[in-house]
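Q: what follows is a protein structure lacking sequence information:
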C-alpha cells in the first residue's frame, strides 16, 4: 500500500524544538531555556483564569472583542486594526498562509526566529537569510536580498536569540527601502523589556500604511506563555486577509480573559521589568568577569559565547544540568560556541554564575 504523501518540501522542514524543561535524574529543575518571566503571571490574570472554569462548555468570542478593545485603549490604536491569535507562532503561520506560496521568497535575518523559515517552507516558499553585522540585523543586507519574488520580510526587534536591536531610524530606513508589494512584519515580542531611547516597536509605522504590521505577545513579560496569546496591529487590508484565514475560535476564552486582566495589571509588569533590568546588568557583569563573551542584550535573556568553543559549551551545559539548570543550546542557529540564558530569579541566576565559575576556572 502507498501511504499518503505530504506536499513537496514538507519533509525537508526541521521541526521546531522548544526549550527543554527536564533533566533525567534531577528532581528540582530550573528552566532558563525559553525566555519565560521568572515573576510568573499577574495574580489578577490567575484569578480570572480560575473563574473561567465554570464556562468551559461555552465557545469563546470569535471576534476576541473584549481583548481587542482593551489593547486599543492601552496602546491608543483602533480596535479594528487588531487581530489576535493562538500565540505569535500561529500569527506567523497565518501570514505565510495568506501571502506566500511556491516560487515566492521570504527574508529574515541570519539569527532570526526559527519559525520564520519553518512557516515559509510549509507554504512551499523559499526562506532567504540576510547576513547580520555584529549579531545585529543589517538593513543594507536585508534590502540587498530583495528580489521580484520577495513577498515578506520578518524582523524580530529586539532579536531572539541575540538580544540585539536596530534603532528606530534604521527601522524607518528599512521600511522606506522595501518595495510597496513587500509586507514588513516587525516581531516585537520583547518590546516591553526595552528601555533605550532610540528603540521603536514599529507601531508608528503601521498607521497610514498598507504594507507594515507589528506582532506582539503575552508570552513574555505578561507571563501567559501556557495560554498561547498573541496579537498583531496591522492596516485594514492585512487585518481583512488574516481574519479570512484564521480559525473562527482561534483564541480560547481563558486566554482572552486572562489577557485583559494581565494588561490592566500595570504594576505587575513594572515589577517584572524592574527585576529584569537589575538582573540583566548584574548577570552580564558577573559572566563577563569569567571571560565569557556576552552580547549586549535589551531583552530578558543573554547570549553567552564561550572562548573554548563547542567543547567548552558541552562542559558548561553538563555542569549546569547537574545542578538542574537548563539553558538553551544554540546549535540550531549555527552558534555552536554559545548558550542562551533566560534571566531567572536572583537565586537561579546566582546558581548559574556559580556553575559557570567552576567551569571557567576548572
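A: Cool, got the structure. Predicted model, so just to flag it, every value in this text is computed and none were measured. Numbering: from 1, shown residues only.
Q: quick one: contacts for residue 124?
A: The contact partners of residue 124, by C-beta atoms under 8 Å, 6 or more residues apart in numbering, come to 7-9, 101-103. Any C-beta I mention is one placed from the backbone N, CA and C, and that applies to glycine too.
Q: rebuild those as TSV, extending it with distance to residue 116, pLDDT and neighbour count.
A: Shown next, in TSV, are these (distance: C-beta to C-beta, whole Å; pLDDT from 0 to 100; neighbours: other C-beta atoms under 10 Å):
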residue	distance to residue 116	pLDDT	neighbour count
7	19	82	10
8	20	79	9
9	15	79	15
101	16	96	12
102	17	96	11
103	18	96	10
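Q: including secondary structure, could the residues you listed go into a markdown table?
A: Below are those laid out as a markdown table (DSSP: H, G, I helix; E, B strand; the rest coil):
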| residue | secondary structure |
| --- | --- |
| 7 | coil |
| 8 | coil |
| 9 | coil |
| 101 | coil |
| 102 | coil |
| 103 | coil |
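Q: check the gap between the closest residue to residue 295 other than its chain neighbours and residue 340 for me.
A: Excluding the flanking residues, the one nearest residue 295 by C-beta to C-beta, 6 or more residues apart in numbering is residue 303, at 4.5 Å. Plainly put, residue 303 is 5 Å away from residue 340 if you go by C-beta to C-beta, to the nearest Å.
Q: okay, and the common contacts of those two?
A: Shared contacts of residue 303 and residue 340, defined by C-beta under 8 Å, 6+ apart, are found at 161, 330.
Q: helix/strand/coil for the residue lying closest to residue 139 once chain neighbours are set aside?
A: With C-beta to C-beta, 6+ apart as the criterion, residue 139 has its nearest non-adjacent residue at 4.7 Å, and that residue is residue 174. Secondary structure, three-state DSSP: residue 174 is helix.
Q: just checking, residue 174 touches residue 185?
A: No - under the criterion of C-beta atoms under 8 Å, residue 174 makes no contact with residue 185, lying 11.5 Å away.
Q: what do these two both touch?
A: In contact with both residue 174 and residue 185: 153, 155, using C-beta under 8 Å, 6+ apart.
Q: how about the spatially closest residue to residue 40 that is not a sequence neighbour, what does it touch?
A: The spatially closest residue to residue 40, leaving aside those adjacent along the chain, is residue 223, at 5.3 Å (C-beta to C-beta, 6+ apart). Residue 223 makes contact with 36-37, 39-42, 45, 262, 272, according to C-beta under 8 Å, 6+ apart.
Q: burial count for the nearest residue to residue 190 once chain neighbours are set aside?
A: The shortest distance from residue 190 to any non-neighbouring residue, by C-beta to C-beta, 6+ apart, is to residue 299 (4.0 Å). By the criterion of other C-beta atoms under 10 Å, residue 299 has 28 neighbours.
Q: can you check the pLDDT for residue 299?
A: pLDDT for residue 299: 98.
Q: got a list of what it touches?
A: Residue 299 touches 35, 158, 160, 163, 190, 193-194, counting by C-beta under 8 Å, 6+ apart.
Q: could you chop this structure up by domain?
A: Following automatic domain parsing, one finds the domains of the chain at 10-40+267-361, 43-264.
Q: okay if I get the ones you listed as JSON lines plus distance to residue 2?
A: Listed next are the domains of the chain as JSON lines, based on distance: least, C-beta to C-beta, whole Å:
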{"stretch": "domain 10-40+267-361", "distance to residue 2": "15"}
{"stretch": "domain 43-264", "distance to residue 2": "22"}
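Q: just say which of the ones you listed is most tucked in.
A: Compared across the domains of the chain, domain 43-264 shows the largest average neighbour count, a mean of 19 (mean count of other C-beta atoms under 10 Å).
Q: any idea which element the residue nearest to residue 190 lies in?
A: Here residue 299 sits in a region with no helix or strand, counting by DSSP states H and E.
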